[in-house]
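# Sharing a model that was predicted from the sequence below.
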Amino acid sequence: MRSRSTPIQLLKLTVFVLLAITITLASLLPSKQSFLLFLSHHKLLLFSLLWCKLVALLAYARARPLPVYLLDFSCHKPGPDSRGSYEICEYFGRRSCKHSAESEAFMRAIYRKSGLGDETYAPPFIFQTDYKAKFQYAIVEAEDGMFSCVAHLLAKTDVDPSRITVLVAACSMFSPSPSFTSMLVQRFKLSPSVKTFNFSGMGCSAGTMSFDLAATILRRQVGYALIVVTESTSLNWYFGDNRHMLVTNCIFRAGTAAALVTSDPAQRERAKMEVVRTLRTHHGADDAAYNAAIQMEDEDGHVGVALTKDLVRVAGVGLRNHISRLAPRVLPVSELLRYVYNVARSFLAGDRKAVHVPDFTTAFEHMCIHAGGKAVIDAVGRLMKFEEEVVEPARMCLHRFGNTSSSLVFYELAYFEAKGRIKIGDRVWMLAFGTGFKACSVVWRALRDSRIDPDNPWKDCIHRYPVSL
Ligand SMILES: CC(C)(COP(=O)(O)OP(=O)(O)OC[C@H]1O[C@@H](n2cnc3c(N)ncnc32)[C@H](O)[C@@H]1OP(=O)(O)O)[C@@H](O)C(=O)NCCC(=O)NCCSC(=O)CC(=O)O
């Protein structure tokens, strides 16, 4: 902050001094001519002030935040032999003999109501015969996803790995040593000067948060940031009978995405979108929010991620708080005025309970809403008063890929691209929630019309979507 605020303060100071001197002299001296005469007699003062202003202007121009672009992204699509259909998951549950008959019935019921289709992807250990979630399977799951989508991304952007200055890797539930960033540096032979950041335990908002971090760094210096977002379902499959943890087994699935963002102005022509703004809010000070989704041991010592029934309410409260901060920064003035007018009218009519929500479709043409579960999508749609078509991509993503955690918003962006819906100038809102409880937004502006890339994960099924649920 310091490097940016100093030139701005200097600039303000010189402008203020110049203005003050001009006003004082103009009021003291009898005429315009005598004012000009005075200036011509005090050239040194005039030039030194103008010089200060010029220096401050130059320093400000240098410190001004750089635009940050999304050059491209890639989503991993596992092979057909990784398909995690209901039948496969149920068969796996039975073979493992780790769940009671009631738990099996519960999982069946949840699965049927979950909004997941039959084509999501399961982690590799599900297809083994020893029924054990081993470390090596978690590594295979991570490597498969990360290496394949980074390779696709580098190939399609034609960016040499040596140009990458920042690497952010995010995986909430698995944090091996050496870290994911080290695995990526090793595999793609990244430069020794690359700055690496490894997010773990940050939940499903880690993907959007990675953009926030990368953009914060790139706004200050020209560079390239590689963002890799994955989740480890292998070591987090729950083998017990706690219902809150069984829900996790039913909705989380394998998925990974990678994105390349840059502040290199030469890449603007090729870039897909530009970052308009990012916003992170953390609601963990509240006990209910903190405990809504939490990794823990059950009474028999089995570790799992418990999703409480309170999570949907917590997400609603968090979202309300989040949008109250986002709204003034993104909504058009007309919508803000309309919102203030409606609130004031209800207040004056004595209706204190009326809930007004600004119309965010006036700020964004497309929304990638974290599809954390059917009930989460329902809650966001209800709270934001969205038409069904606004939440359609989230529902379709949940149906096709399941909850892949923080990479979900990328799969959703790929859905928009596959449908060719994004046009140049359109604004896209990525909104994700994560354990903690956190909410994170990234607002983009499209720099070109979208098209379906050869590695788009929807490529061979988009004609079937949207499906009716
Ligand atoms: C689980 C659901 C698909 C169930 O669908 P429905 O709501 O239509 O079904 P329902 O209400 O009839 O519930 C069916 C049965 O499941 C039980 N049930 C529902 N949710 C439960 C939960 N979290 N824990 C324990 N039991 C639960 C109900 O009591 C009921 O039991 P009975 O029949 O005995 O009465 C849905 O509620 C849902 O999508 N929930 C949100 C999932 C979630 O938390 N996603 C966020 C993931 S975290 C995330 O994305 C962020 C991150 O990780 O960082």
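Nice, thanks for sending it over.
# I'd assumed His76 was in contact with Tyr411.
No. Under the criterion of Cβ atoms under 8 Å, Tyr411 makes no contact with His76, lying 9.5 Å away. The way it works is simple: take the backbone N, C-alpha and C, and place the C-beta from them, glycine included.
# can you tell me which residues contact Arg325?
Arg325 makes contact with Leu279, Thr281 under the criterion Cβ atoms under 8 Å, 6 or more residues apart in numbering.
# What helix or strand is it located in?
Using DSSP states H and E, Arg325 maps to helix 311-330.
# continuing past that helix, what's the next helix or strand?
helix 333-348.
# and the direction of that next one versus that of helix 311-330, what angle?
Orientation check (axes from the mean of the first three to the mean of the last three Cα atoms, to 10 degrees): helix 333-348 against helix 311-330 gives 120 degrees.
# returning to that earlier point: return the distance of the helix holding Arg325 from the chain's centre.
The chain centre lies 15 Å from the centre of helix 311-330; the measure is Cα atoms, centre = their mean, to the nearest Å.
# 723 is where my numbering starts, stick with that
All right, first residue 723 from here; so that's helix 1033-1052.
# Tell me the residues that contact both of Tyr1133 and His798, please.
In contact with both Tyr1133 and His798: Gly977, Ala979, Pro1179, using Cβ under 8 Å, 6+ apart.
# Now do the residue nearest to Val1065 when sequence neighbours are not counted against Arg1104, distance only.
Nearest in space to Val1065, with sequence neighbours left out and distances taken as Cβ to Cβ, 6 or more residues apart in numbering, is His1078 at 5.3 Å. Noted for His1078: a distance of 14 Å to Arg1104, by Cβ to Cβ, to the nearest Å.
# Could you tell me the model confidence score at Ser725?
On the pLDDT scale, Ser725 is placed at 46.
# for the ligand, what are the nearby residues on the protein?
Counting by Cβ under 6 Å from any ligand atom, the positions of the chain adjacent to the ligand are 831-832, 835-836, 925-926, 965-966, 969, 973, 1015, 1029-1031, 1033-1034, 1094-1098, 1125, 1155-1157.
# Whichever residue of the stretch 773-922 of the chain sits closest to the ligand: neighbouring residues, count only.
Distances between the stretch 773-922 of the chain and the ligand by Cβ to the nearest ligand atom are smallest at Lys835, namely 3.8 Å. For Lys835, the count of nearby residues is 12 (other Cβ atoms under 10 Å).
# For it, give me its contacts.
Residues in contact with Lys835 (Cβ under 8 Å, 6+ apart) are Lys1096.
# Please state the backbone phi and psi of it?
Note on Lys835: backbone dihedrals following degrees, to the nearest 10 are phi -90, psi -10.
# is it true that Leu889 touches Thr903?
Yes. Assessed by Cβ under 8 Å, Leu889 is found in contact with Thr903 at 5.3 Å.
# Identify the contacts common to these two.
Going by Cβ under 8 Å, 6+ apart, residues that sit against Leu889 and also against Thr903 are Thr918, Phe919.
# In terms of packing, which of the two has more residues around it?
More crowded of Leu889 and Thr903, by other Cβ under 10 Å: Leu889, with 27 against 21.
# helix, strand or coil for that one?
Taking DSSP: H, G, I helix; E, B strand; the rest coil as the rule, one finds Leu889 in the strand state.
# same check, this time on Ser915
Three-state assignment for Ser915 (three-state DSSP): coil.
# wait, doesn't it sit right on Leu889?
No. If you go by Cβ under 8 Å, Ser915 and Leu889 don't touch, sitting 11.1 Å apart.
# any weak-confidence spans in the stretch 773-922 of the chain?
Flagging of the stretch 773-922 of the chain using pLDDT under 70 yields the residue ranges 853.
# redo that, cut-off 90
In the predicted model of the stretch 773-922 of the chain, residues 773-787, 801-823, 826-827, 829-831, 833-835, 844-860, 862-863, 895 satisfy pLDDT under 90.
# Helices of that one, start to end?
808-818, 823-835, 857-879, 902-910 (DSSP state H, counting those that start in this stretch).
# Export these to a markdown table and append columns for distance to Ile1174.
Output for the helices of the stretch 773-922 of the chain, formatted as a markdown table (distance: least, Cβ to Cβ, whole Å):
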| stretch | distance to Ile1174 |
| --- | --- |
| helix 808-818 | 28 |
| helix 823-835 | 30 |
| helix 857-879 | 13 |
| helix 902-910 | 26 |
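# do you know which of these lies nearest Pro752?
In terms of Cβ to Cβ, the element of the helices of the stretch 773-922 of the chain nearest to Pro752 is helix 857-879, at 66.9 Å.
# Could you check the angle the closest one makes with helix 902-910?
Using the same axes, to 10 degrees: helix 857-879 against helix 902-910 is 60 degrees.
# Can you tell me which helices and strands helix 857-879 packs against?
Helices and strands touching helix 857-879, as assessed by 3 or more Cβ pairs under 8 Å, 6 or more residues apart in numbering; DSSP states H and E, comprise strand 791-797, helix 902-910, strand 946-952, strand 978-984.
# how about JSON lines for the ones you listed, with distance to Ser756 added?
Output for the helices and strands packed on helix 857-879, formatted as JSON lines (distance: least, Cβ to Cβ, whole Å):
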{"stretch": "strand 791-797", "distance to Ser756": "54"}
{"stretch": "helix 902-910", "distance to Ser756": "68"}
{"stretch": "strand 946-952", "distance to Ser756": "58"}
{"stretch": "strand 978-984", "distance to Ser756": "56"}
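# Any quick ChimeraX command for the buried ones out of the residues of the chain next to the ligand?
A single ChimeraX command is used to select the members of the residues of the chain next to the ligand judged buried by 16 or more other Cβ atoms under 10 Å:
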select :832,836,925,926,966,969,973,1015,1029,1033,1034,1094,1095,1096,1097,1098,1125,1155,1156,1157
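# Nearest the middle, which residue of this protein would you pick?
Residue closest to the average C-alpha location in the chain (Cα atoms, centre = their mean): Thr930, at 1.7 Å.
# Give me the nearest residue to whichever residue of the stretch 823-972 of the chain sits closest to the ligand, chain neighbours excluded.
Nearest residue of the stretch 823-972 of the chain to the ligand: Gly925, at 2.5 Å (Cβ to the nearest ligand atom). Distances taken as Cβ to Cβ, 6+ apart put Gly1156 closest to Gly925, at 2.8 Å, once the chain neighbours are dropped.
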